[in-house]
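Asks: My questions concern the predicted model and sequence given below.
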Amino acid sequence: MPLFAIVVAALAIGFEQLIQWKYGPMGIIAFIALSVGLKAKNTVLSGIGAVILVMLLAQSG
């Protein structure tokens, strides 16, 4: 179980770094809002994070 937790944490940190590298500070803010909203079961916060991420993805594509 501890190995699984370490692997999941490493993947989360890697994904976070990828978002920050590709989309800058706004991407990391959106990712944090989305993840905190999902953990807290707050649909408004997770919705805001998701909308910002979609807007960043649409802008770069």
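Replies: Sure thing, it's come through.
Asks: can you point me to the longest helix in this protein?
Replies: Taking DSSP state H as the criterion, the chain has its longest helix at helix 2-40.
Asks: continuing past it, what's the next helix or strand?
Replies: helix 43-60 (DSSP states H and E).
Asks: ok, and for that next one, which residues are buried?
Replies: By neighbour count with 16 or more other CB atoms under 10 Å, helix 43-60 contains the buried residues 45-46, 48-50, 52-53, 56. Just so you know, the C-beta spots here come from the backbone N, C-alpha and C atoms, and that holds for glycine as well.
Asks: what's the distance between the longest helix of the chain and the middle of its chain?
Replies: A distance of 4 Å separates the C-alpha centroid of helix 2-40 from that of its chain, computed with CA atoms, centre = their mean, to the nearest Å.
Asks: Only the buried residues of that helix, if you could.
Replies: Buried, per 16+ other CB under 10 Å, within helix 2-40: 19, 23, 27, 29-31, 33-35, 37.
Asks: what's the pLDDT at Q59?
Replies: pLDDT recorded at Q59 is 81.
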